[in-house]
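Visitor: Okay, here's the prediction I keep looking at, along with the sequence it came from:
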Amino acid sequence: MSHDVFLVAALEDGEIAKLVARKLRALKFKVRYDAKQTDDVFDDKEARDVSRAKTMLVLWSENAVQSNFVRAAASMGYSMENQSLVQVGLDKTVPYEPFKKDKRIALAGLTSRKTVDGWYQVVEALSRPLGRSGLKAWMSLSAKDEEGRAAWMREHPRDALTLAERRKQDQKAAAKPRPAPEAKDAAVLAAAAIKAKPAPAAVQSSPVASILSPEAASAFPARDEGLEDRVGLAMLAGVGAAIALLLLLARLMQSEQAADVRAAQPLPPIANAAPVVATCPAGQIPASLLAPRVLEPGPIIVDE
């Protein structure tokens, strides 16, 4: 992947390097800067990225002239004929040869809220090899100046900023379809009618009225808070009565089952019990022996 700018800075200058990278990316420059770098080694991968970049931006400082990474990267960028080399001075340190005689853009004092004159020079020097122009005018426009930004994009239809803004607008249009003109006019008329004639207090308190027009909502009765409370208490009482009835029926069924069990069990024997024999007066035969014709009536014969 090719980059517009390969940013070179010492590890100790990481904060200002991050700020520069962030500002350039806001202008839609493709910046190659490794904010997570922890060593001072210029490896093969970084050399390959330098060869693919269109410009190189070197941040010179007291720390940079002592950095092996900065010295190696800057030397490679200096030797490439098809690459533009832009050099910045973060302080008054003078780099070694062959960079000693080259022009360095002063960038001291640059912050996230303060823009120094040197920053505009850096942006112009980086944008020139890329065929971009007018970025200083873009940076002078405020974020709320929509007309000024629209006019700038009309003058620069092929700039990366214009293309990025068009992609953003296309994504918004695809995500949220525009309403039909008829529906839009109806919504405006409905809003005007609601604003001109507010619904009565009783109707506004109804949940139905919150989504209907005043004329349609007037057909629905107002919500009675006391009625809802009474209905709720009645429902609770009914549920409690049903539960009590179920418990009573369960108790009765248990009692009947216990009685059936006791009836099915035989009576226990009674101690000292003796069989009872029906007797009759002497000289007579019990009536139970006479019927049905067990014995004929007659005198009793006594065997001696």
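Guide: Sure thing, it's come through.
Visitor: count of residues packed around Asp91?
Guide: Counted with other CB atoms under 10 Å, the neighbours of Asp91 add up to 14. Placement of C-beta: from N, CA and C, glycine included.
Visitor: same question, Ser255
Guide: The local packing of Ser255 (other CB under 10 Å) involves 10 other residues.
Visitor: element containing it?
Guide: Using DSSP states H and E, Ser255 sits in helix 225-264.
Visitor: same check, this time on Leu85
Guide: Using DSSP H and E, Leu85 sits in strand 84-89.
Visitor: Find the least confident helix or strand in this protein, judged by mean pLDDT.
Guide: For the chain, using mean pLDDT, DSSP states H and E, the weakest element among its helices and strands is helix 201-204, scoring a mean of 47.
Visitor: which stretches of the stretch 201-304 of the chain have low pLDDT?
Guide: Residue ranges of the stretch 201-304 of the chain with pLDDT under 70: 201-228, 256-304.
Visitor: how about a cut-off of 80?
Guide: Filtered on pLDDT under 80, the stretch 201-304 of the chain yields the residue ranges 201-234, 254-304.
Visitor: Please enumerate residues in contact with the strand or helix carrying Ala174?
Guide: Assigned by DSSP H and E, Ala174 falls within helix 160-175. By CB atoms under 8 Å, 6 or more residues apart in numbering, the surrounding residues in contact with helix 160-175 are 27-29, 132, 138, 153, 156.
Visitor: Now for the residues you listed, which sits with the most neighbours around it?
Guide: Phe29 (23 neighbours).
Visitor: Am I right that it is in contact with Leu7?
Guide: No - at 9.8 Å, Phe29 does not count as touching Leu7 under the criterion of CB atoms under 8 Å.
Visitor: from what I can see Lys100 touches Gly89, true?
Guide: No - if you go by CB under 8 Å, Lys100 and Gly89 don't touch, sitting 11.8 Å apart.
Visitor: More neighbours: those two, which one.
Guide: Set Lys100 next to Gly89 and count neighbours by other CB under 10 Å: Gly89 wins out with 20 against 9.
Visitor: residues of stretch 139-153 that come out buried?
Guide: 149, 152-153 (16 or more other CB atoms under 10 Å).
Visitor: Equivalent analysis for stretch 70-88, please.
Guide: Neighbour-count burial for stretch 70-88, counted by 16+ other CB under 10 Å, picks out 70-74, 76-77, 83-88.
Visitor: residue boundaries of the strands in this protein?
Guide: Ranges of strands in the chain, per DSSP state E, are 5-8, 31-32, 55-60, 84-89, 105-106.
Visitor: Partner strands of the strand holding Leu85, with direction?
Guide: Partner strands and pairing direction for strand 84-89 (DSSP bridges) are strand 55-60 (parallel), strand 105-106 (parallel).
Visitor: most packed of these?
Guide: With neighbours taken as mean count of other CB atoms under 10 Å, the strands paired with strand 84-89 reach their highest mean count in strand 55-60, at a mean of 24.
Visitor: Residues touching that one, excluding its own?
Guide: Under the contact criterion CB under 8 Å, 6+ apart, strand 55-60 has outside partners 4-10, 13, 16-17, 20, 50, 64, 70, 73-74, 77, 83-90, 93, 95, 99, 104, 107, 122, 126, 129-130.
Visitor: Then stretch 118-126?
Guide: The contact list for stretch 118-126 (CB under 8 Å, 6+ apart) reads 4-5, 20, 23-24, 27, 29, 55, 57, 84, 86, 88, 105-108, 110, 135-136, 139.
Visitor: CA atoms only for that stretch - export them in PDB, please.
Guide: Presented in PDB, the C-alpha positions along stretch 118-126 are these (Å, rounded to 0.1, in the frame of the first residue of the first chain):
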ATOM      1  CA  GLY A 118       4.900  27.100   9.500                       C
ATOM      2  CA  TRP A 119       2.000  24.600   9.400                       C
ATOM      3  CA  TYR A 120       0.500  26.100   6.300                       C
ATOM      4  CA  GLN A 121       4.000  25.900   4.600                       C
ATOM      5  CA  VAL A 122       4.300  22.200   5.500                       C
ATOM      6  CA  VAL A 123       0.800  21.400   4.100                       C
ATOM      7  CA  GLU A 124       1.600  23.400   0.900                       C
ATOM      8  CA  ALA A 125       4.900  21.600   0.400                       C
ATOM      9  CA  LEU A 126       3.300  18.200   0.900                       C
END
